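Novice: prediction below, plus the sequence it came from.
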Amino acid sequence: MTNAAQAAEQKGEVDVEAIVIGAGFSGLRCMHELRSRGISTKILEKGTDVGGTWYWNRYPGARTDSESWVYCYSFDKDLQQEWDWKERFPTQAEVQAYLGHVADRHDMRKDIEFGVMVEAAKFDEDSQLWTVTTSTGQTYTSRYVVAATGQLGIQHFPFAGVENFQGQAYHSSSWPKEPVDFTGKRVAVIGTGATGIQIIPLVAQEAESLTVFQRTPNYVMPARNFALTDTHRNAIKRDYDRVWEQVRDQPFGMAFDPVNRISGDTEPASRDQVLQAGWEAGGFRYIFETFDDLLTDQECNDLASEFVRNKIRAIVKDPKTAELLCPTNHPVGGKRVPLGHFYYETFNRDNVTLVDVNANPVERFTEKGLKTADGELEFDVIIIATGFDAVSGALTHMNVRGRDGQTIENRWADGAESFMGMMVDGFPNFFTILGPQGPFANNPPVIEHQAEWIGKVITHCEQEGKLAEVSRQTVNDWFRVTQEAFDSTVLGKGEEANSWYLGANIPGKAHKILYWFGGAPAYFDLLEEAERRGFDLVDARSAATVG
Ligand code: NAP
C-alpha cells in the first residue's frame with residue numbers, strides 16, 4: 001500500500017482496499033489472489049450463496065460443457081487432489097458444491113456479503129477512491145473495484161405480457177430452488193441455445209407435451225457424458241501438471257493435444273473418418289481434435305458442417321423436422337457450439353413438436369399461453385431460454401461512473417471495448433474479469449490468469465504509488481488486433497445467426513466482437529509480456545501499443 005493509501009485507510013477513508021462484485025468462479029479466485037497479496041477484500045454478491053452462474057442457472061439438465069478436470073481451479077494443488085469430480089461433465093449442483101467447498105476451505109464467507117445488488121460504483125477524482133452503493137443503501141469506499149460479474153448474468157426476456165399468464169413461466173437463469181414438476185403438463189421451451197438444448201431432453205421425458213420454439217438451429221455436439229472411475233480420476237490427478245500445461249497451450253484452454261492435421265493435407269476418403277472419430281469422442285473434441293483449420297478454412301468448415309447436418313438427418317426420423325434442425329445460415333462454430341445429451345433423439349418422441357419461429361414468431365404471453373403469428377397456443381409451463389445481454393450487460397446495467405462522471409454505458413454506446421477484457425479507459429483502478437475482448441475459451445483458466453494479472457497490476461501500482469489506468473489508444477489498439485484475429489477465422493457469419501459473442505442477439509445492441517479469438521496461449525503470452533515491460537500498458541502516461 002502507498003503511504004497515501006495507508007493514511008487514507010487509517011483515517012477511515014476506505015472501508016476496504018478492494019471491492020469485488022460477484023462470488024462466482026471469478027470473484028472467489030480474485031479474492032484469493034488479492035488477499036494473498038495483502039490487499040483487504042470484500043465481495044458483494046446478489047445471490048444468497050457463492051456460485052455465480054452456477055447459483056442462478058439451476059434449470060433441469062444444467063451441467064458444464066467443459067470437462068470437469070479442467071473446469072476448476074489450478075491454484076490450490078491440495079484441492080485438486082482432494083476434490084473428486086463425479087462425471088465428465090458435472091451438474092450445476094456439483095459445480096456449486098465445488099465452489100462452496102473452495103469458499104469454505106479458504107475461509108472466504110466471512111468477507112462476502114450475500115443478498116446485495118451493487119446499484120452504483122462511482123470514482124471520485126479528488127480522493128481517487130471508489131464508492132460502491134448496494135441495494136440495501138449501504139455504501140463502501142474502496143481503492144479498487146473488480147467487477148467479477150460474469151458474462152451471462154443479465155437476462156434477455158424478449159416477450160411482453162408474462163404477468164398475464166396464469167401458468168408457470170421461468171427464465172432459465174432464475175429457476176426456483178425447488179424442482180419444477182412437469183408431469184402431465186403442456187410445456188413450451190423458447191430458445192435452442194446451449195441452455196434450451198440441455199433443458200429439452202429432460203423435460204420431454206416428464207411432460208405430457210413439449211413444444212420447442214426454435215429460431216436459429218445450432219450444430220449440437222453429442223456430449224457423451226460418463227461417470228468417472230477412480231482409475232480415470234487418479235490418472236488425471238497424477239498427471240495434473242501436464243493437464244494444466246495442455247490447457248495453457250491449447251487455443252481454447254482445453255486439455256487437448258494439438259492434432260497437427262489440416263483438412264487439405266488429408267486424403268478426401270479419410271476426412272469423414274477423422275470427423276466421425278471427433279463425433280464419437282464427444283464434447284468439443286469434434287471441433288478441436290479433428291482438423292486444426294476447422295475454424296479458419298471455409299472448405300474444411302463446410303465439410304464439418306455438412307457432416308453434422310447428415311448426422312441430424314440420420315438421427316431424426318421425420319425428414320421435415322430433421323431439415324428444420326439443420327443449421328444453414330452460419331458455419332459450425334459461428335455461434336457458441338452447444339453440447340447435447342440425446343438432443344436430436346428427443347425429436348423422435350411422440351410428445352415433442354418443433355415450431356419454426358421464423359415462420360411463426362412468438363409475439364407475447366397471453367393468459368393461457370403464447371400468442372404467435374399463427375394464433376394462440378395454450379401451455380401450463382413456459383420456459384424462456386432466450387439467453388443474455390452477454391459480456392457487457394452486467395456492467396452497463398450497474399451504473400458504473402469513472403472520470404468526469406462518465407458511465408460505462410455511455411463509454412460503450414458504440415459497443416463494448418476494453419483492454420484485454422480487464423480494463424477500460426476512463427475507469428481508473430477498476431477491473432473486469434471476463435470483460436469484452438478477453439479470450440473465447442474454457443473460463444476457469446482465463447479467470448485464473450486474469451485474476452493473477454490484476455493482482456500483479458495492483459501490487460505494482462501500490463508500490464509505484466500510481467493509479468491503474470489504460471489510455472484510449474491502448475484500448476483501441478487491443479480492439480484492432482482482436483478484430484484482426486477474428487477476421488482470420490470463418491466465424492464472422494455468426495452475425496447473420498444472432499451470435500451473442502458479436503452482440504447480435506440483443507435488439508439495439510451495438511454489434512462488436514466481444515471476444516479475443518487469437519487463441520488463449522497468445523493472450524497469456526501478451527499478459528506475461530506486459531508484466532515484463534513493467535506494466536507499461538496500464539499506465540495512461542505510456543503510449544505503448546499492443547500486438
Ligand atoms: P443463447 O445461446 O443466446 O440462445 C438463446 C436462444 O433463444 C436462441 O435459440 C435464440 O434464437 C432464442 N431467441 C432469442 N430471442 C428470441 C425470440 N425473440 N424469439 C424466439 N427465439 C428467441 O442463450 P443460452 O442458450 O442461454 O446460452 C448462452 C450461453 O450460455 C451459451 O452460449 C454458453 O456460452 C452459456 N451456457 C453454457 C452452458 C454450459 O457450459 N454448460 C450451458 C448453457 C449456457 P437465435 O439463435 O435465433 O437468436
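Specialist: Everything's here; your move.
Novice: only C-alpha atoms for contact and neighbour calcs from this point on.
Specialist: Noted.
Novice: what does the pLDDT read for E208?
Specialist: For E208, the pLDDT comes out at 98.
Novice: from what I see, it and K185 are in contact.
Specialist: Yes. With contact defined as C-alpha atoms under 8 Å, E208 counts as touching K185 (5.1 Å).
Novice: isn't H330 up against N498?
Specialist: No. With contact defined as C-alpha under 8 Å, H330 does not reach N498; the gap is 9.8 Å.
Novice: the more surrounded of the two?
Specialist: Applying other C-alpha atoms under 10 Å to H330 and N498 shows that H330 carries more neighbours, namely 24 against 20.
Novice: and that one, how far is that from I21?
Specialist: 36 Å (C-alpha to C-alpha, to the nearest Å).
Novice: also D350?
Specialist: As defined by C-alpha to C-alpha, D350 lies at a distance of 46 Å from I21.
Novice: give me the more crowded residue out of those two.
Specialist: Applying other C-alpha under 10 Å to D350 and I21 shows that I21 carries more neighbours, namely 27 against 11.
Novice: state the distance from that one to I262.
Specialist: I21 is 43 Å from I262, by C-alpha to C-alpha.
Novice: what about the nearest residue to T192 once chain neighbours are set aside, how many neighbours?
Specialist: Leaving aside its sequence neighbours, T192 sits nearest to Q214 (C-alpha to C-alpha, 6 or more residues apart in numbering; 5.7 Å). Each residue near Q214 was counted by other C-alpha under 10 Å, and the total is 22.
Novice: what does this protein put close to the ligand?
Specialist: When proximity is defined by C-alpha under 6 Å from any ligand atom, the chain lies next to the ligand at 63-65, 158, 190-196, 214-216, 336, 357, 362, 385-388, 498, 500, 505.
Novice: smallest gap between the stretch 401-547 of the chain and the ligand, at which residue?
Specialist: For the stretch 401-547 of the chain and the ligand, the shortest gap (C-alpha to the nearest ligand atom) falls at N498, measuring 4.7 Å.
Novice: quick one, what contacts the closest residue in space to F284 that isn't next to it in sequence?
Specialist: Distances taken as C-alpha to C-alpha, 6+ apart place M221 nearest to F284, at 7.2 Å, with adjacent residues excluded. Taking C-alpha atoms under 8 Å, 6 or more residues apart in numbering as the criterion, M221 is in contact with 279, 282-284, 286, 337-340.
Novice: just checking, A322 touches K311?
Specialist: No. Judged on C-alpha under 8 Å, A322 makes no contact with K311 at a distance of 9.6 Å.
Novice: how far off centre is whichever helix or strand W279 is part of?
Specialist: Using DSSP states H and E, W279 sits in helix 268-281. Counting by C-alpha atoms, centre = their mean, to the nearest Å, helix 268-281 is centred 29 Å from the centre of its parent chain.
Novice: contacting residues around that helix?
Specialist: So helix 268-281 is in contact with 221-222, 224, 263, 285-287, 289-290, 304, 307, going by C-alpha under 8 Å, 6+ apart.
Novice: gap between the residue of the stretch 1-150 of the chain found nearest the ligand and T91?
Specialist: Across the stretch 1-150 of the chain, the shortest distance to the ligand (C-alpha to the nearest ligand atom) belongs to T64, at 3.6 Å. Going from T64 to T91 by C-alpha to C-alpha gives 7 Å.
Novice: neighbour count for the two, which is higher?
Specialist: More crowded of T64 and T91, by other C-alpha under 10 Å: T91, with 20 against 17.
Novice: which residues does the most centrally placed residue in the chain contact?
Specialist: Central residue of the chain (C-alpha atoms, centre = their mean): Q151, 4.7 Å from the mean position. Residues in contact with Q151 (C-alpha under 8 Å, 6+ apart) are 390-394, 434-435.
Novice: the residue nearest to T192 against A359, yeah?
Specialist: No. Between Q214 and A359 there is no contact under C-alpha under 8 Å: 10.1 Å.
Novice: contacts for the helix ranked longest in the chain next, please.
Specialist: In the chain, taking DSSP state H as the definition, the longest helix is helix 443-464. Around helix 443-464, the neighbours that count as contacts under C-alpha under 8 Å, 6+ apart are 1-2, 25-26, 29-30, 33-34, 37, 70-75, 247-248, 253, 422, 431, 433-434, 439, 467-468, 520, 524, 527, 535, 538.
Novice: so what's the gap between that helix and the chain middle?
Specialist: Distance, centroid of helix 443-464 to centroid of chain: 19 Å (C-alpha atoms, centre = their mean).
Novice: just the CA trace of it, in PDB.
Specialist: Only the C-alpha atoms of helix 443-464 are listed here, as PDB (Å, rounded to 0.1, in the frame of the first residue of the first chain):
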ATOM      1  CA  ASN A 443     -13.400 -19.900 -18.500                       C
ATOM      2  CA  PRO A 444     -11.500 -21.100 -15.400                       C
ATOM      3  CA  PRO A 445      -8.000 -20.900 -16.800                       C
ATOM      4  CA  VAL A 446      -8.800 -17.500 -18.300                       C
ATOM      5  CA  ILE A 447     -10.200 -16.300 -14.900                       C
ATOM      6  CA  GLU A 448      -7.100 -17.600 -13.100                       C
ATOM      7  CA  HIS A 449      -4.700 -15.700 -15.500                       C
ATOM      8  CA  GLN A 450      -6.800 -12.500 -15.300                       C
ATOM      9  CA  ALA A 451      -7.100 -12.600 -11.500                       C
ATOM     10  CA  GLU A 452      -3.400 -13.100 -11.100                       C
ATOM     11  CA  TRP A 453      -2.600 -10.300 -13.600                       C
ATOM     12  CA  ILE A 454      -5.000  -7.900 -11.900                       C
ATOM     13  CA  GLY A 455      -3.300  -8.800  -8.600                       C
ATOM     14  CA  LYS A 456       0.100  -8.100 -10.000                       C
ATOM     15  CA  VAL A 457      -1.000  -4.800 -11.500                       C
ATOM     16  CA  ILE A 458      -2.500  -3.700  -8.200                       C
ATOM     17  CA  THR A 459       0.700  -4.600  -6.300                       C
ATOM     18  CA  HIS A 460       2.700  -2.700  -8.900                       C
ATOM     19  CA  CYS A 461       0.500   0.300  -8.600                       C
ATOM     20  CA  GLU A 462       0.700   0.200  -4.800                       C
ATOM     21  CA  GLN A 463       4.500   0.100  -5.000                       C
ATOM     22  CA  GLU A 464       4.700   2.900  -7.500                       C
END
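Novice: flag every buried residue along it.
Specialist: 443-462 (16 or more other C-alpha atoms under 10 Å).
Novice: again with stretch 343-353
Specialist: For stretch 343-353, by 16+ other C-alpha under 10 Å, it's 343-344, 346-348, 351-353.
Novice: now do the strands in the stretch 1-150 of the chain.
Specialist: 16-21, 41-45, 112-114, 118-124, 129-134, 139-147 (DSSP state E, counting those that start in this stretch).
Novice: can you list the strands that the first one pairs with?
Specialist: Partners of strand 16-21 in the sheet, by DSSP bridges, are strand 41-45 (parallel), strand 139-147 (parallel).
Novice: of the ones you listed, which stretch is the most buried?
Specialist: strand 41-45 (a mean of 25; mean count of other C-alpha atoms under 10 Å).
Novice: now it - C-alpha only, PDB.
Specialist: As requested, the backbone C-alpha atoms of strand 41-45 are provided in PDB (Å, rounded to 0.1, in the frame of the first residue of the first chain):
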ATOM      1  CA  THR A  41     -11.000  -7.600   0.000                       C
ATOM      2  CA  LYS A  42     -14.800  -7.800   0.300                       C
ATOM      3  CA  ILE A  43     -17.100  -9.500  -2.100                       C
ATOM      4  CA  LEU A  44     -20.700  -8.200  -2.700                       C
ATOM      5  CA  GLU A  45     -22.900 -10.900  -4.000                       C
END
